[in-house]
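Q: Test case, fold it:
(chains A, B and C)
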Amino acid sequence: MSSKIPRAFYFRSTLRVAKDLLGQLVVRKYRGRRLVGRIVEVEAYRGSIDPASHAYRGRTKRNEVMFWEGGHLYVYFTYGMHFCANVVTREAGIAEAVLIRGVEPVVGLDVMERLRGKNISTFDLTNGPAKFCKAFGIKRKQNGVSLLGNEIYLAHGRRVVQSRIGVSTRVGIRSGIEKRWRFFEKGNRWVSKQKRWQL
DNA sequence: TAGTTGATCGTCT
DNA sequence: GACGATCAACTAA
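A: Residues are numbered from 1 along each chain as shown, chains lettered A, B, ... in the order given. Have a look, this model is predicted:
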(Lines give C-alpha, C1' and ligand atoms only; values in the text may rest on other atoms or scores of the structure.)
Protein backbone atom coordinates (compact mmCIF):
# COMPACT_ATOMS: atom_id res chain seq x y z
CA MET A 1 0.00 0.00 0.00
CA SER A 2 1.99 3.02 1.16
CA SER A 3 5.48 3.36 2.59
CA LYS A 4 6.59 4.63 5.98
CA ILE A 5 7.96 8.17 6.04
CA PRO A 6 11.72 8.14 6.86
CA ARG A 7 13.51 9.95 9.68
CA ALA A 8 14.97 12.59 7.33
CA PHE A 9 11.46 13.98 6.69
CA TYR A 10 11.22 15.14 10.31
CA PHE A 11 14.68 16.72 10.39
CA ARG A 12 13.67 19.71 8.25
CA SER A 13 12.26 23.11 9.22
CA THR A 14 9.12 22.70 11.31
CA LEU A 15 6.97 24.94 9.10
CA ARG A 16 8.07 22.94 6.06
CA VAL A 17 7.24 19.65 7.80
CA ALA A 18 3.87 21.02 8.94
CA LYS A 19 2.80 21.88 5.37
CA ASP A 20 4.17 18.62 4.00
CA LEU A 21 2.22 16.62 6.57
CA LEU A 22 -1.06 17.61 4.93
CA GLY A 23 -2.30 14.67 2.90
CA GLN A 24 0.01 12.14 4.56
CA LEU A 25 -1.42 9.12 6.36
CA VAL A 26 -1.39 8.32 10.06
CA VAL A 27 -1.36 4.57 10.62
CA ARG A 28 -2.22 3.17 14.04
CA LYS A 29 -2.15 -0.48 15.08
CA TYR A 30 -4.83 -0.90 17.70
CA ARG A 31 -5.70 -4.28 19.21
CA GLY A 32 -5.06 -6.18 16.00
CA ARG A 33 -6.86 -3.60 13.88
CA ARG A 34 -5.35 -1.01 11.56
CA LEU A 35 -6.64 2.55 11.74
CA VAL A 36 -5.70 5.01 9.01
CA GLY A 37 -6.41 8.72 8.72
CA ARG A 38 -5.35 11.35 6.19
CA ILE A 39 -3.94 14.50 7.84
CA VAL A 40 -5.91 17.62 6.85
CA GLU A 41 -5.10 20.15 9.60
CA VAL A 42 -1.94 20.89 11.63
CA GLU A 43 -0.29 23.60 13.72
CA ALA A 44 3.44 24.27 14.24
CA TYR A 45 4.90 24.95 17.70
CA ARG A 46 8.47 26.15 17.96
CA GLY A 47 10.08 25.84 21.40
CA SER A 48 12.28 28.73 22.43
CA ILE A 49 11.04 31.28 19.88
CA ASP A 50 7.33 30.60 20.38
CA PRO A 51 5.55 31.74 23.58
CA ALA A 52 2.59 29.49 22.78
CA SER A 53 4.77 26.37 22.84
CA HIS A 54 4.89 24.13 25.89
CA ALA A 55 8.68 24.17 25.55
CA TYR A 56 9.04 27.99 25.51
CA ARG A 57 10.23 28.13 29.12
CA GLY A 58 12.62 25.23 28.84
CA ARG A 59 12.68 21.54 29.48
CA THR A 60 10.31 20.00 32.02
CA LYS A 61 9.04 16.53 32.74
CA ARG A 62 5.92 17.22 30.69
CA ASN A 63 7.53 18.58 27.51
CA GLU A 64 10.56 16.25 27.61
CA VAL A 65 9.66 14.48 24.34
CA MET A 66 9.62 17.76 22.38
CA PHE A 67 13.39 17.89 22.95
CA TRP A 68 13.97 14.46 21.46
CA GLU A 69 15.04 14.01 17.86
CA GLY A 70 12.42 14.30 15.11
CA GLY A 71 10.17 11.34 14.40
CA HIS A 72 8.71 10.83 17.86
CA LEU A 73 5.15 11.40 19.10
CA TYR A 74 4.59 13.98 21.87
CA VAL A 75 1.27 13.34 23.62
CA TYR A 76 0.04 15.64 26.38
CA PHE A 77 -2.97 15.70 28.69
CA THR A 78 -5.04 18.88 28.97
CA TYR A 79 -8.26 20.39 30.35
CA GLY A 80 -8.40 17.53 32.83
CA MET A 81 -9.77 15.11 30.24
CA HIS A 82 -8.24 15.36 26.79
CA PHE A 83 -5.10 14.17 24.99
CA CYS A 84 -3.47 15.86 21.99
CA ALA A 85 -0.70 14.45 19.77
CA ASN A 86 2.25 16.16 18.09
CA VAL A 87 4.87 15.02 15.60
CA VAL A 88 8.31 16.04 16.93
CA THR A 89 10.58 17.71 14.36
CA ARG A 90 14.26 18.65 13.96
CA GLU A 91 17.32 17.26 15.70
CA ALA A 92 17.61 16.36 19.39
CA GLY A 93 17.75 19.38 21.71
CA ILE A 94 15.54 21.61 19.53
CA ALA A 95 12.01 21.50 20.92
CA GLU A 96 9.73 21.90 17.92
CA ALA A 97 6.67 19.90 16.93
CA VAL A 98 3.54 19.82 14.79
CA LEU A 99 0.13 19.34 16.43
CA ILE A 100 -2.24 17.08 14.50
CA ARG A 101 -5.59 18.87 14.63
CA GLY A 102 -7.67 17.04 12.07
CA VAL A 103 -7.61 13.88 9.97
CA GLU A 104 -9.98 12.40 7.41
CA PRO A 105 -10.90 8.83 8.43
CA VAL A 106 -9.77 6.29 5.81
CA VAL A 107 -9.61 2.81 7.35
CA GLY A 108 -11.17 1.40 10.53
CA LEU A 109 -14.13 3.75 10.88
CA ASP A 110 -16.03 1.21 12.97
CA VAL A 111 -13.26 1.13 15.58
CA MET A 112 -13.02 4.94 15.62
CA GLU A 113 -16.76 5.22 16.17
CA ARG A 114 -16.59 2.78 19.04
CA LEU A 115 -13.67 4.60 20.67
CA ARG A 116 -15.42 7.97 20.39
CA GLY A 117 -18.62 6.59 21.89
CA LYS A 118 -22.19 7.84 21.53
CA ASN A 119 -23.72 8.57 18.15
CA ILE A 120 -21.03 10.67 16.53
CA SER A 121 -21.41 11.50 12.85
CA THR A 122 -18.51 10.56 10.57
CA PHE A 123 -17.73 14.23 10.13
CA ASP A 124 -17.28 14.78 13.87
CA LEU A 125 -15.13 11.68 14.42
CA THR A 126 -11.69 13.25 14.01
CA ASN A 127 -12.13 17.01 13.36
CA GLY A 128 -10.16 18.23 16.38
CA PRO A 129 -6.92 17.33 18.17
CA ALA A 130 -8.53 15.61 21.16
CA LYS A 131 -11.15 13.91 18.97
CA PHE A 132 -8.39 12.48 16.79
CA CYS A 133 -6.55 11.08 19.83
CA LYS A 134 -9.68 9.49 21.22
CA ALA A 135 -10.68 7.95 17.88
CA PHE A 136 -7.17 6.54 17.40
CA GLY A 137 -6.73 5.25 20.94
CA ILE A 138 -3.84 7.64 21.67
CA LYS A 139 -3.26 8.29 25.37
CA ARG A 140 -0.47 8.93 27.89
CA LYS A 141 1.07 5.56 27.08
CA GLN A 142 1.80 6.64 23.51
CA ASN A 143 3.84 9.66 24.62
CA GLY A 144 7.35 9.24 23.21
CA VAL A 145 6.68 6.41 20.78
CA SER A 146 8.88 6.38 17.68
CA LEU A 147 7.11 7.08 14.40
CA LEU A 148 9.57 4.72 12.75
CA GLY A 149 8.11 1.80 14.70
CA ASN A 150 4.90 -0.13 14.02
CA GLU A 151 2.53 1.01 16.77
CA ILE A 152 1.97 4.43 15.19
CA TYR A 153 3.67 5.76 12.07
CA LEU A 154 3.15 8.08 9.14
CA ALA A 155 3.01 6.87 5.55
CA HIS A 156 3.13 8.64 2.21
CA GLY A 157 -0.28 9.72 1.00
CA ARG A 158 -1.60 11.95 -1.75
CA ARG A 159 0.02 15.36 -1.19
CA VAL A 160 -2.11 18.49 -0.98
CA VAL A 161 -1.13 20.95 -3.71
CA GLN A 162 -0.04 24.44 -2.66
CA SER A 163 -3.19 26.14 -3.94
CA ARG A 164 -5.36 23.92 -1.74
CA ILE A 165 -3.46 24.72 1.47
CA GLY A 166 -5.07 27.29 3.77
CA VAL A 167 -3.05 29.28 6.32
CA SER A 168 -4.30 30.96 9.50
CA THR A 169 -3.48 31.85 13.10
CA ARG A 170 -3.49 29.02 15.62
CA VAL A 171 -6.50 27.93 17.66
CA GLY A 172 -7.01 28.12 21.42
CA ILE A 173 -3.87 30.02 22.43
CA ARG A 174 -3.39 33.43 24.06
CA SER A 175 0.25 34.27 23.30
CA GLY A 176 1.79 34.00 19.86
CA ILE A 177 -1.57 34.68 18.24
CA GLU A 178 0.03 36.75 15.49
CA LYS A 179 1.89 33.76 14.03
CA ARG A 180 0.10 32.15 11.10
CA TRP A 181 1.30 28.62 11.74
CA ARG A 182 -1.94 26.68 11.22
CA PHE A 183 -2.19 24.84 7.91
CA PHE A 184 -5.17 22.96 6.54
CA GLU A 185 -6.67 21.55 3.36
CA LYS A 186 -9.20 24.10 2.13
CA GLY A 187 -12.79 22.92 2.25
CA ASN A 188 -12.05 19.54 3.83
CA ARG A 189 -14.87 18.42 6.12
CA TRP A 190 -12.48 17.24 8.84
CA VAL A 191 -10.83 20.60 9.45
CA SER A 192 -11.84 21.77 12.95
CA LYS A 193 -13.47 25.10 13.80
CA GLN A 194 -14.85 25.42 10.31
CA LYS A 195 -18.32 26.84 9.71
CA ARG A 196 -20.77 25.25 7.28
CA TRP A 197 -20.68 28.27 4.99
CA GLN A 198 -16.91 27.84 4.58
CA LEU A 199 -17.24 24.38 3.06
C1' DT B 1 -26.30 29.55 13.95
C1' DA B 2 -23.70 31.89 17.64
C1' DG B 3 -22.30 32.27 22.07
C1' DT B 4 -21.71 30.40 26.82
C1' DT B 5 -20.51 27.07 30.22
C1' DG B 6 -19.40 22.84 32.90
C1' DA B 7 -16.46 18.96 33.08
C1' DT B 8 -12.01 17.63 35.40
C1' DC B 9 -6.90 17.12 36.75
C1' DG B 10 -1.81 17.33 35.80
C1' DT B 11 1.59 20.72 35.63
C1' DC B 12 3.87 24.71 36.76
C1' DT B 13 3.95 29.14 39.56
C1' DG C 1 -3.88 27.88 43.49
C1' DA C 2 -4.72 28.92 38.61
C1' DC C 3 -5.30 27.48 34.24
C1' DG C 4 -5.00 25.00 29.80
C1' DA C 5 -2.52 23.72 21.97
C1' DT C 6 -10.70 21.02 24.17
C1' DC C 7 -15.28 19.14 23.68
C1' DA C 8 -20.22 18.66 24.06
C1' DA C 9 -24.35 20.25 25.85
C1' DC C 10 -27.02 23.94 26.47
C1' DT C 11 -29.35 28.59 25.73
C1' DA C 12 -31.01 32.30 23.05
C1' DA C 13 -32.98 34.16 19.08
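Q: what about the lengthiest strand in chain A, average pLDDT?
A: Longest strand in chain A, counting residues (DSSP state E): strand A:33-46. Mean per-residue pLDDT for strand A:33-46: 98.
Q: same question, stretch A:162-178
A: What stretch A:162-178 shows for mean pLDDT is 94.
Q: and if you look at stretch A:88-95?
A: On average, stretch A:88-95 scores 98.
Q: distance between the ends of that stretch?
A: Start to finish, the residues bounding stretch A:88-95 are 8 Å apart (Cα to Cα, to the nearest Å).
Q: Could you list the buried residues of that stretch?
A: Buried residues in stretch A:88-95, counted by 16 or more other Cβ atoms under 10 Å: A:88-90, A:94-95. From N, CA and C alone the C-beta is placed, and that goes for glycine too.
Q: Chain A against DNA strand C: which residues are in contact?
A: Contacts of chain A with DNA strand C, taken as Cβ under 7 Å from any atom of the strand, map to A:43, A:45, A:52-55, A:66, A:74, A:78-82, A:84, A:86, A:97, A:99, A:116, A:118, A:120, A:124, A:128-132, A:170-174, A:192.
Q: Now list the buried members of these.
A: Buried subset of those (neighbour count, 16+ other Cβ under 10 Å): A:43, A:45, A:52-55, A:66, A:74, A:84, A:86, A:97, A:99, A:116, A:120, A:124, A:128-132, A:170, A:192.
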